[in-house]
Every structure is written in structure tokens, then in C-alpha cells.
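Enquirer: Sequence first, predicted coordinates after that:
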Amino acid sequence: MAVSPLVKHPTDALQQVTARAVSSPLKNANSAQASSNGTPLSVSVVPNASAAMQSASLDIAERMNEDEKRKYVRGKKLGEGTYANVYLGHLRHDPSQLVAIKKIKVQKEYTEGMAPDAVREIKHLQELSHPNIITLHSIFSSKDQNLNLVLEYLPLGDLEMLIRDTDRVRYGAADIKAWTGMLTRAVWFCHENFVLHRDIKPNNCLIAADGEVKLADFGLARSFADPYKPMTTNVITRWYRPPELLFGAKHYSGAVDVWSVGLVLAEMVTRAAYLPGNSEIDQINLICQGIGTPTEENWAGVTKLPEYTVPKEVTPLHGKNYYISRFGVIGHEGVDLLMKTLILDPKKRITARDMLKHEWWHKDPKPTLKKNLPKKSGGEEKLGDDLKRRPGVVEEDRGNKVARKLDFGAAR
Amino acid sequence: MATEDARYRQSSQFRLWSFAPSHLASLRSESNMLAKTAISARLQSSNPPVCPIPDFLTPAEEASLLTYYTNELLRAAEFCELPTEIRATSAIFLRRFYVTNSIMTYPPTELLKTCLFFGSKADGFYIRLNKFAEKFPNTTGEEVIAAEYILCQGIRFAFDVRHPFRALEGAIMELRRLESFENDRIDRAHGNARNILKYSPLVTDAYFHYTPSQIMFAALSLADEDLAERLIKNAFSGAPWEVEKKVVEVVQSCREMLQCEPPEKMNDQEVRKAMKPLIKKLKKCRDPDRVDLVALQKARKEQAGQKPKKPKSGLQDDEAVFGGALVDEREAKRRKMAEAANDPFGPALG
């Protein structure tokens, strides 16, 4: 039960519009600690005189927006997409502080106001402040009523780039452990705050200049539903989608994200997607082959799910040796953790919190220090690519991994 | 970090939308003052100038009207059969919006529809725009979303509102677990507290000053004081005595606030009738340029379309002074005439 009676009123809210409107731009200066208690890190922005005179007669809201906008300088374009353009930017008063400015385009095909994916992304990023989750520094609107999201600048690409670049990027068990740890902390934090990410995959795990993994793209995220309230199953990019969603379960939990984390871990090890289904049916088949056929024995109630269909030939659950032969690089404990994330029955699947308590983290090798993690240069372009995508979907040329777009029309 | 208090302090509700009462009052009077100045200037520059300048609403009058319009929003939400949380989110959006905007500047009858539509969207409940608009007399979808952008800016892009409903469910489960009260009694308290939560905190400033759990305790205490007391005692057993005392005081003050607006008021015709004079007054002193939000929205879009017009022309300054946009052609013409009238050399010879 929530008992939080000792909360004091913040002293900064709307007090000095120049100090902090959406959130402090220095919020990420040192990951979460600096800002997690809500203490504003004051930023001294000196507004120029003529602008100040103008603002005297703007509404307070308009004035705050102007103040936010003035805090940043927009630089070159990093990427252009149908959903958004991404620019490099920096703080006006300190050009060494870089940011990425994601300018969301007005969408022609959605005529009912602000697009739901943008609303979801803003809603959740506003609330989540964690070293392993991309920071939303600020939002402002430009004259043409386009939304500008000022995001943390993450120049070193994403996990997918590292996994795919087998020629130039080498990494080992300690590196995988470090990356998995950071991703798991991000997912744990989302769940701790009652948010389901619903699109975890390697190219949504961006990498900061210091090597920190940052979970991005909250365009499909939602808060936990109240009991009995149905949710859509049209989420999570197919290769990372858990069996309960493929079977049409309308009530689900953080276990859906944990499954995705498990598949990201598997992919890091083998440097290829473990279950790359090219259709939903194929995805179910691959799960049956790669893990085992979901049956009443290993998952009570599964046959009652609305879209339960499995190949006639039942594959029994694979034992530990099966996984060791494929993923042995991460050791016995690593394989144990992997297997627990890929338990078919979501009720039995490990939670993000329990993942963090797993013994794997304490075994040798220790996770690589951030600064020693393998990196790749030339990520700037990739950040542009990653951020400009419509949240929740990938461009068609990324093959079969397109998360199905939510159908807003169908849901009344 | 792990404590709920620490997490609550990270929420936009705390960071951006919690105030001490004096601070909230000063923001509202500033918004009121800015609106008066801007509207006076606009009325005077219209052609013919509006004379005399009407009486403006005082901050206290704006506050009463805000309560009235939040009530109207809740009645509309009931009519639309929206889920409880969405009604509450929408109501809070409306109240937040009018912290930094005056009721005289943006018409609350329009904004409340925008709040309901956007509140649904923000809570992941996607209603078709036109279907939604149909539920209101003489309302088009275009009108509903005309102010969506202004609303989002006004609520500072904080789309997540923390409600006390789940806290109440938790409290009720806890009470059942204690097994020291009759089930009937708990059920009654549950129902009554929930009714209070669905109304009283939404039409008062409770969300600005108290946390969801404080609001929950206040409502539960109104419904059945002993039950609330027992839970608080349990929660703070082992904590220093002063801490519990402080909590009890905060809950008490929240309770007093909720008591001013009991749920029975929602459909009280007398209360609504009493608002008539203020509504009349509002009609006389509202912003002439922002009555028609659809036109305003069009003008803003058009203005954005004619991009390269950067540095300071006289017009640009004018826009800045008058808050961004020229309303429509008629409006632009009117303003040109007004400018011409000010020109000591008179208008061009025609």
C-alpha cells in the first residue's frame, strides 16, 4: 500500500521558468543520482533583452516553451525518417553538452491530433529517470506545432550494430554480462514503475559515449493494466515476442519483456537472432523447435488461449545440455539465467527483479567495466536512424522484424 | 530509490505539478493579470475599439468558474461513459491547464472536450474523434482537437497522472486482511470512499497539494474515520511518534479540502444556477482572438507554412506581443485597419 506522506512540495515547480521546465538538461550529468531526488540543477540561462521583453506579454505556458526552446541550439541533421527527423544539438550556454533533438513530424495518415505513439513515448519518458533508460531532457514546440523531444545524445550506435558487425567487433562473456546487466536494470526499473516496454530488441538498446546501454523507444509502452482490463497483443517485434502474445493472451505482465531480454541475451552470444520467425505461425514453430512445444503439462491453461495452435508433432522441452551446447560461452549460471527467461509459462518465467538477484552476476568473469566495453565508431548516423523511426516499428528494410502497428481504429 | 516516496518524487506530478498553496495562488493571479493586460490591449486595438473595457474576472472568480467547469467535464465524462481513471485524468488536465492560462483567454467549454478526448488518448483508450464529437451538441471533431496542442503545452507534456484509486483498493485489501472489522462495514466504506475519490479531489486543488495516498486516506477517513486511523496506525507502528502525527495532520487538512466539495454537489441544480452571473461576466471579458479555436489553429498552421520570414519585421513583433498568431484573414485585416488608424498620416489614399 502506498504510504508516502512525507513528500514535501517541490520548491522549483513552475517557480523559475528558466530553471527547469520539463526537466533539467543536466539531468544525465551523472546518471540517475543527480536528479533522482528531484533536486533541480539550476541552469543559468541569460535570456536576451529583446526576447525577455517579448515574453512579458506571452502566456506563462508560451513563455515557458520559449525558454525551453532557447536553451538549445539545433545543429546538423543526423537522420531523416517518415516519423521524425533527428538533429544534433547542444545547450546554448554550454556547447560541450550535446543532445539529440527529435522533431516529430505532423503525420498525414493520422488525422486525430497528436499521434498515440508520440503520446506514449512522451508520457513514459517523462516519468522514468534511470541510468539505463534514455533521458528525455525537455520538450518544446516549434512555431509549426511540431513536437521537439530533446533526448540524451547517444553516439555509439546500438547493440544490434555490435552484434552484427562480426568482422570488426569482438566481444566475450564478460562484455555480454555487462550489457545484459544494464538492459536488465532498465527493464527492472520500468516494471518497478509499472511500465511495460513492449518492444525490447537489440536496436532499441542504444549505447552512450561512456559505453552505458540505454533502453530507448517507448512508443509501444504502456502502464500495467488494472486486473481484468484487456490489453492488445499486437506488440513486441516478432522475433522477440513471447508465446503468450502469439497465442493471443489479453492479460499479461512484465514477463513479456523478460522473454525479449532472454532472446537479446541469446542473440548476443551467437551473434544471430535465435528465433527469427518470418510469420507468426513460423514464430510459434521456431519456439516449439528451439525451446519446446507449449502444452498443458508445461503450461497449465495454455490450450485455452484464443489463438493457441502448435505443430502436431510435440517437441519436448530442451534440457540444459541443449542450451549449454549453444550458449555455453556464458557459463553454467549464464545458461541457467537464460533458460529461466525463456520459460514458456509466463507465470513461471523469472521476473526482472529476480534476474538481478541471479548468481550469474557474481561468478567469474566479472562484467566488463563500462569504459572497457567494445565500442564502435560512426554511431552518430545510427542514432539518427534509431531515433527517427516511428516508435514501435522498424523500417521495412529491416526485414521481418516489423512490430505490428497498433490499430487504433479497431479499438473503439 | 527503491522507496515509493523516492519514486513519487521523480514523477511529473510531483516535479511539475505540486505546489504549496501560496505558490499556486500566485501563479493563478499572475495568469489572471497577464490575461487582463493582453485582453485589454486586444479590445482597445480592435476597430472600433471596445469601450469601456469590461470588468475582468478576479482570481477568486476564476477559481469558482474552474470548479464549475471541472464539474461540467465530469458530467460530460459520465455521459460519454468513460472509465473512472480517464475521467479523473481529464479533470486534472483541465485544472492544470488553467494554472498557467486564464479562463478568460481560452474558452473552458471547448477545452473540457479537448481534455476528455486527450485524456482518453493519454490513458490508452482510443476513441474515434468523430464518434466522440457526436456526443456533444454542435461539435465537430476539428473543434475537439483544435486546442489539443495548446493543451499539451499548457500541461507541460506531463501525460501521466497519479490517482488514488489503486491506493484505495490496496487499503481495502489490507483492512480485510486485518479481520478486525465487519465485512459490511468495509464494503460500505469502500463504496463511499470511492465515490468521494471520483469527485471531491478532482474539483478541488487536492492533487496539487497532496500525494495520491494522502488523498486516499482523507477520503477513507471521510467515509469511516476509524478504518483510516487504524491503517495509519498500522503503517507507522515502529516509526517515531512525530512522523505519525505529521501524517495525521496532513490527512486532516486534505480531508477538510475534500469536504468542501462532496460528491452530492455534482448534480446540484442550485449550485449550477448560482454560477450564471459569473458565466455572463466571463462572456463579456473573454479574449476576442481566442473564442474561435479552430480559426486560431488554422492561422497558426498557415503561419507555420509561410516559413522564411525570420527576423524582426514589425509584424513579427506584433505576433510575439499578441501571443503567436494572427487569427484569420478578417482578423488580420482588422488589425491592419487599426494600425492604419494609429498612423498620424492616416491610411493610404484609396
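Expert: That came in fine, so what should we check first?
Enquirer: Report the contact partners of the residue in the stretch 251-400 of chain A that chain B sits nearest to.
Expert: Nearest residue of the stretch 251-400 of chain A to chain B (CB to the nearest CB) works out as A:Arg353 at 10.5 Å. Any C-beta I mention is one placed from the backbone N, CA and C, and that applies to glycine too. By CB atoms under 8 Å, 6 or more residues apart in numbering or on different chains, the contact list for A:Arg353 reads A:Trp188, A:His191, A:Glu192.
Enquirer: Likewise for B:Lys121?
Expert: Counting by CB under 8 Å, 6+ apart, B:Lys121 makes contact with A:Gly113, A:Met114, A:Pro116, A:Val119.
Enquirer: OK, now which residue of the stretch 51-200 of chain A is nearest to chain B?
Expert: A:Asp144 (3.1 Å).
Enquirer: what about that residue, which SS state?
Expert: Following DSSP: H, G, I helix; E, B strand; the rest coil, we place A:Asp144 in the coil state.
Enquirer: May I ask you to confirm that it is in contact with B:Lys301?
Expert: Yes: between A:Asp144 and B:Lys301 there is a contact at 7.4 Å, judged by CB atoms under 8 Å.
Enquirer: What lies in contact with whatever helix or strand B:Ala193 lives in?
Expert: Assigned by DSSP states H and E, B:Ala193 belongs to helix B:183-197. Residues from elsewhere that reach helix B:183-197 (CB under 8 Å, 6+ apart): B:163-165, B:168, B:172, B:175-176, B:215-216, B:219-220, B:222-224, B:227, B:258, B:262-263.
Enquirer: Show me the strands in chain A, by range?
Expert: Taking DSSP state E as the test, the strands found in chain A are A:29-30, A:72-80, A:84-91, A:94-104, A:136-141, A:147-152, A:195-196, A:205-207, A:213-215, A:222-223.
Enquirer: In strands, which of the contacts of helix B:183-197 fall?
Expert: The strands, defined by DSSP E, take in nothing from those.
Enquirer: Show the buried residues in the residues you listed.
Expert: Among the contacts of helix B:183-197, those classed as buried by 16 or more other CB atoms under 10 Å in any protein chain shown are B:163-165, B:168, B:172, B:175, B:215-216, B:219-220, B:222-224, B:227, B:258, B:263.
Enquirer: Next, work out how far apart B:Leu82 and A:Pro367 are.
Expert: To A:Pro367, B:Leu82 is 47 Å away according to CB to CB, to the nearest Å.
Enquirer: Show me which helix or strand of chain B is least confident by mean pLDDT.
Expert: Within chain B, judged by mean pLDDT, DSSP states H and E, the helix or strand with the poorest mean is helix B:314-321; its value is a mean of 37.
Enquirer: For the nearest residue to A:Thr111 once chain neighbours are set aside, give me its contacts.
Expert: Take A:Thr111 and drop its neighbours on the chain: the residue closest to it by CB to CB, 6 or more residues apart in numbering or on different chains is B:Leu129, 7.6 Å away. Contacts for B:Leu129 (CB under 8 Å, 6+ apart) come out as A:Thr111, A:Glu112, A:Gly113, B:Phe117, B:Gly141, B:Val144, B:Ile145.
Enquirer: Tell me, how many residues neighbour the first one?
Expert: By the other CB atoms under 10 Å in any protein chain shown criterion, the neighbourhood of A:Thr111 contains 11 residues.
Enquirer: now do the last one
Expert: By the criterion of other CB under 10 Å, B:Ile145 has 25 neighbours.
Enquirer: so which helix or strand takes in it?
Expert: Going by DSSP H and E, B:Ile145 is part of helix B:141-146.
Enquirer: same for that helix, what does it pack against?
Expert: In terms of contacts (3 or more CB pairs under 8 Å, 6 or more residues apart in numbering or on different chains; DSSP states H and E), helix B:141-146 is packed against helix B:108-122, helix B:129-134, helix B:293-305.
Enquirer: looking at those, which is buried most?
Expert: Among the helices and strands packed on helix B:141-146, ranked by average contacts under mean count of other CB atoms under 10 Å in any protein chain shown, first place goes to helix B:108-122 (a mean of 24).
Enquirer: residues in contact with the nearest residue to A:Leu149 once chain neighbours are set aside?
Expert: Distances taken as CB to CB, 6+ apart put A:Lys102 closest to A:Leu149, at 4.4 Å, once the chain neighbours are dropped. Contact analysis of A:Lys102 by CB under 8 Å, 6+ apart lists A:Ala84, A:Asn85, A:Val86, A:Tyr87, A:Asn148, A:Leu149, A:Val150, A:Leu151, A:Leu387, A:Lys388.
Enquirer: could you redo the last one with a cut-off of 7 Å?
Expert: With contacts defined as CB atoms under 7 Å, 6 or more residues apart in numbering or on different chains, A:Lys102 is in contact with A:Ala84, A:Val86, A:Leu149, A:Leu151, A:Leu387.
Enquirer: Quick check: the two most widely separated of these?
Expert: Spatially, the most separated pair among those is A:Ala84 and A:Leu151, at 10.7 Å (CB to CB).
Enquirer: picking up where we left off before, go through the helix holding B:Ile145 and flag the buried ones.
Expert: For helix B:141-146, a neighbour-count test (16+ other CB under 10 Å) marks B:Gly141, B:Glu143, B:Val144, B:Ile145, B:Ala146 as buried.
Enquirer: Give me the contact list for it.
Expert: For helix B:141-146, the external contacting residues (CB under 7 Å, 6+ apart) are A:112-113, B:110, B:113-114, B:117, B:129-130, B:132-133, B:293-294, B:297.
Enquirer: CA atoms only for the helix or strand following it, dumped as CSV, please.
Expert: Where DSSP H and E defines the elements, the next helix or strand beyond helix B:141-146 is helix B:148-154. As requested, the backbone C-alpha atoms of helix B:148-154 are provided in CSV (Å, rounded to 0.1, in the frame of the first residue of the first chain):
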residue,chain,number,x,y,z
GLU,B,148,-5.1,19.8,-28.3
TYR,B,149,-1.7,21.2,-28.9
ILE,B,150,-2.3,24.2,-26.7
LEU,B,151,-3.5,21.8,-24.0
CYS,B,152,-0.4,19.6,-24.2
GLN,B,153,1.8,22.7,-23.9
GLY,B,154,-0.2,24.0,-21.1
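Enquirer: pLDDT below threshold where in chain B?
Expert: Along chain B, segments meeting pLDDT under 70 span B:1-2, B:303-350.
Enquirer: mind redoing it with 50?
Expert: Residues of chain B that meet the criterion pLDDT under 50 lie in B:1, B:307-350.
Enquirer: Scan it for its longest helix.
Expert: Longest helix in chain B, counting residues (DSSP state H): helix B:21-45.
Enquirer: And it, what does it pack against?
Expert: Judged by 3 or more CB pairs under 7 Å, 6 or more residues apart in numbering or on different chains; DSSP states H and E, helix B:21-45 is in contact with helix A:60-70, helix B:59-79, helix B:84-100.
Enquirer: Any chance of JSON lines for these, columns mean neighbour count?
Expert: Compiled in JSON lines, those are given as follows (neighbours: other CB atoms under 10 Å in any protein chain shown):
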{"stretch": "helix A:60-70", "mean neighbour count": "22"}
{"stretch": "helix B:59-79", "mean neighbour count": "19"}
{"stretch": "helix B:84-100", "mean neighbour count": "24"}
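Enquirer: I'd like these as TSV, with distance to A:Thr309 appended.
Expert: Shown next, in TSV, are the helices and strands packed on helix B:21-45 (distance: least, CB to CB, whole Å):
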stretch	distance to A:Thr309
helix A:60-70	51
helix B:59-79	41
helix B:84-100	35
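Enquirer: After the helix holding B:Ala193, which helix or strand is next? Please name it.
Expert: Downstream of helix B:183-197, the first helix or strand assigned by DSSP H and E is helix B:200-203.
Enquirer: Which neighbouring elements make contact with that following helix?
Expert: If contacts are counted by 3+ CB pairs under 7 Å, 6+ apart, helix B:200-203 sits against helix B:59-79, helix B:84-100.
Enquirer: do you know which of those lies nearest chain A?
Expert: Closest to chain A of the helices and strands packed on helix B:200-203, according to CB to the nearest CB: helix B:84-100, at 3.9 Å.
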